[in-house]
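>>> Show me how the following folds:
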Amino acid sequence: MEGIKKFLADNNLSLDNWGELGKNILIACGICFVLLWLEKKVARKWISKFNGINARFTEKVIRFVIIFINVMWVITSSKITSSFGTSLFQGTAVLAAIAGFAAKPVLSDMCCGFMLSTTKPFNIGDRIELSDGTAGIVKDITIRHVVLQGIDTLKIVIPNSEINSMRITNLSY
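Have a look, this model is predicted:
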């Protein structure tokens, strides 16, 4: 018990600091909830108006950014977690290198998703066939993958990097 008290005293971790962390988490959750709710309302109108892969991809990216910013604010705003946040930001070069190697498939899918949404080789609702013989109707595009609906309500999930490297035949033109 004395060890715990000494650790808390040495690191200036009082109940007030824990209360501040809890308050910041509640504030971040509330802000995140409101922003995601507003984003959903705006995205519904935007998607119903444009209903393209640009709209759906942008919606997913905005959600990711809202959640990421809220998590980073919680990490850096409290006395308990600020030293972790500071060291996290100071070691960004090393962290970026490690994250780059570890998340190469994810980053590749995100970049290819961006390329697919800007070049628009297909749109939501188009019937496409890929060079490997996979065919279906495009139902959705996310940051990481495209969802095709095949025969008999079979859903096919294909990573964006794979679709980007294949020949696409759009049968809806």
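>>> Other residues contacting stretch 42-53?
55-56, 59, 62, 116-117, 120, 122-125, 138, 141 (CB atoms under 8 Å, 6 or more residues apart in numbering). Placement of C-beta: from N, CA and C, glycine included.
>>> Walk me through which strands the one helix or strand residue 147 maps to pairs with, and which way each runs.
Element membership for residue 147 (DSSP states H and E) is strand 145-149. Sheet pairing for strand 145-149, assigned by DSSP bridges, gives strand 135-141 (antiparallel), strand 155-159 (antiparallel).
>>> Tell me which helix or strand comes right after the longest helix along the chain.
When the chain is parsed with DSSP state H, its longest helix is helix 15-50. Using DSSP H and E, the helix or strand that follows helix 15-50 towards the C-terminus is helix 53-77.
>>> what residues are up against the residue nearest the centre of the chain?
With distances taken as CA atoms, centre = their mean, the chain has residue 64 as the residue nearest its mean C-alpha position (3.6 Å). Taking CB under 8 Å, 6+ apart, we find residue 64 in contact with residue 143.
>>> Distance-wise, check it relative to residue 58.
Distance of residue 64 to residue 58, computed by CB to CB, to the nearest Å: 11 Å.
>>> what phi and what psi does the backbone show at residue 172?
phi -90, psi -10 (degrees, to the nearest 10).
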